[in-house]
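**Student:** Can you look at this prediction? I've put the sequence above it.
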Amino acid sequence: MKQALTIAGSDSGGGAGIQADLKTMTAFGVYGASVITAVTAQNTLGVQGFETMSIDLVDKQLDSVLSDLNFSAAKTGMLATSQIIKVVAKKVKEYQLENLVVDPVMVATSGDILLAKEAIATIKEELIPLAKVITPNLNEAKVLIGRDIAEEVSLELLASELHKLGSEYVLVKGGHQVGENAIDLLYDGVEFIEYTSKRVDTKDTHGTGCTLSSAIASNLALGYDVKEAVKRSKKYITEAIKAGCNVGNGNNPVNHFAMVYSFE
Ligand SMILES: Nc1ncnc2c1ncn2[C@@H]1O[C@H](COP(=O)(O)OP(=O)(O)OP(=O)(O)O)[C@@H](O)[C@H]1O
Ligand SMILES: Cc1ncc(CO)c(N)n1
């Protein structure tokens, strides 16, 4: 059985973070293991609080799983602090973790901050250069290349500037753009590829970013190349948003259960 690892934060509400990642991996038939970096008190309305794990415990979790299991891909989500990013980068190198998907999570759908400001430089310098693919949303893309959030920048320009940070591929997600379609742009330094779906008219997009990045990691683990992995993941997220999970009173999560039975 193919195995994938998520290194991310826990969402008590079950919609994003580790919980979304493991549900996604399961839907693709990939065995998912997890290294938890932080525990959030969270629901569909927002993040009510969080605490990070000690560096020692993050380090130990990484050693536990990397010395025993056999991962064909991994993803990172909420890493919270500079110190956690450093420990993750060190272990990725030490164990030569392949097919690393870095989702540079900074802010939750609700607007709550999930990454310390000073950690942005660390993620750029230490983790992104080790990634096969990075998956920033529009705002994360602008922050990573030092642009103002309010600035209008094309997906092409964002992707080409981000590519200079050293990952093999960049996928800029256009979920937060307005318009009829939800367009994501993949760039490998040579070719731009657009992945387009009809925008679903919903506020229930909690966990979309986590789901997309863990779907990409799952498909890389299954042996698909990056272009095909992104294509399959975009299809998955679109259908999971359409199906939705009416579980809370805020921004509800996407639906993985429908996907387990209906994908392909
Ligand atoms: N309303 C929508 N309809 C269809 N696809 C969408 C919609 N919103 C987001 N997506 C898709 O979902 C994926 C995640 O994109 P998004 O830009 O929302 O990421 P994110 O901001 O990191 O997510 P999160 O809100 O979980 O942090 C992308 O493939 C994007 O195109
Ligand atoms: C734990 C966690 N990771 C990532 C996100 C991004 O949506 C979130 N809301 N919560």
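**Tutor:** That came through, no problem. Computed from a predicted model, the values in this text were never measured in an experiment. Ligands and ions are numbered 1, 2, ... in the order given.
**Student:** Assign S233 to helix, strand or coil.
**Tutor:** Recorded secondary structure, S233: helix (DSSP: H, G, I helix; E, B strand; the rest coil).
**Student:** Could you report the distance from A74 to Q3?
**Tutor:** Distance, A74 to Q3, by C-beta to C-beta, to the nearest Å: 9 Å. Yep, even glycine has a C-beta here, placed from its N, CA and C like the rest.
**Student:** How about V133?
**Tutor:** According to C-beta to C-beta, V133 stands 18 Å off from Q3.
**Student:** These two - which one has more neighbours?
**Tutor:** Neighbour count, other C-beta atoms under 10 Å: between V133 and Q3, V133 has more, with 25 against 17.
**Student:** Name all residues that make contact with that one.
**Tutor:** Shown in contact with V133 (C-beta atoms under 8 Å, 6 or more residues apart in numbering): V101, V102, S167, E168, Y169, V170, L171, I216, V226, V230.
**Student:** list the contacts for the nearest residue to the fourth one once chain neighbours are set aside?
**Tutor:** This points to E168. With sequence-adjacent residues excluded and distances taken as C-beta to C-beta, 6 or more residues apart in numbering, E168 is closest to K132, at 5.1 Å. With contacts defined as C-beta under 8 Å, 6+ apart, K132 is in contact with E98, N99, L100, V101, S167, E168, Y169, L220, V226.
**Student:** again with L222
**Tutor:** Applying C-beta under 8 Å, 6+ apart to L222 gives the contacts K2, F28, G29, V30, S72.
**Student:** PyMOL command to pick out the buried ones of these?
**Tutor:** To isolate the buried subset of those in PyMOL, counting by 16 or more other C-beta atoms under 10 Å, use the following:
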select buried, resi 2+28+30+72
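**Student:** Which members of the contacts of L222 are positioned in helices?
**Tutor:** Among these, none falls in helices (DSSP state H).
**Student:** Export the contacts of L222 as TSV, with columns for distance to ligand 2 and pLDDT.
**Tutor:** Formatted as TSV, the contacts of L222 follow (distance: C-beta to the nearest ligand atom, whole Å; pLDDT from 0 to 100):
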residue	distance to ligand 2	pLDDT
K2	23	98
F28	19	96
G29	23	95
V30	19	97
S72	23	98
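**Student:** Tell me the one of the contacts of L222 nearest ligand 1?
**Tutor:** F28 (15.8 Å; C-beta to the nearest ligand atom).
**Student:** quick one: contacts for the residue lying closest to that closest one once chain neighbours are set aside?
**Tutor:** Spatially, and ignoring its direct neighbours in sequence, F28 is nearest to S218 (3.9 Å; C-beta to C-beta, 6+ apart). Contact partners of S218, counting by C-beta under 8 Å, 6+ apart, are A4, T24, M25, F28, V30, A73, S233.
**Student:** nearest spatial neighbour of the last one, skipping sequence neighbours?
**Tutor:** Nearest non-adjacent residue to S233, counting by C-beta to C-beta, 6+ apart: A215, 3.5 Å away.
**Student:** tally of neighbours for that neighbour?
**Tutor:** If you count neighbours by other C-beta under 10 Å, A215 ends up with 30.
**Student:** Could you measure from it over to E51?
**Tutor:** On the measure of C-beta to C-beta, A215 and E51 end up 28 Å apart.
**Student:** With G179 instead?
**Tutor:** G179 sits 38 Å away from E51 when distances are taken as C-beta to C-beta.
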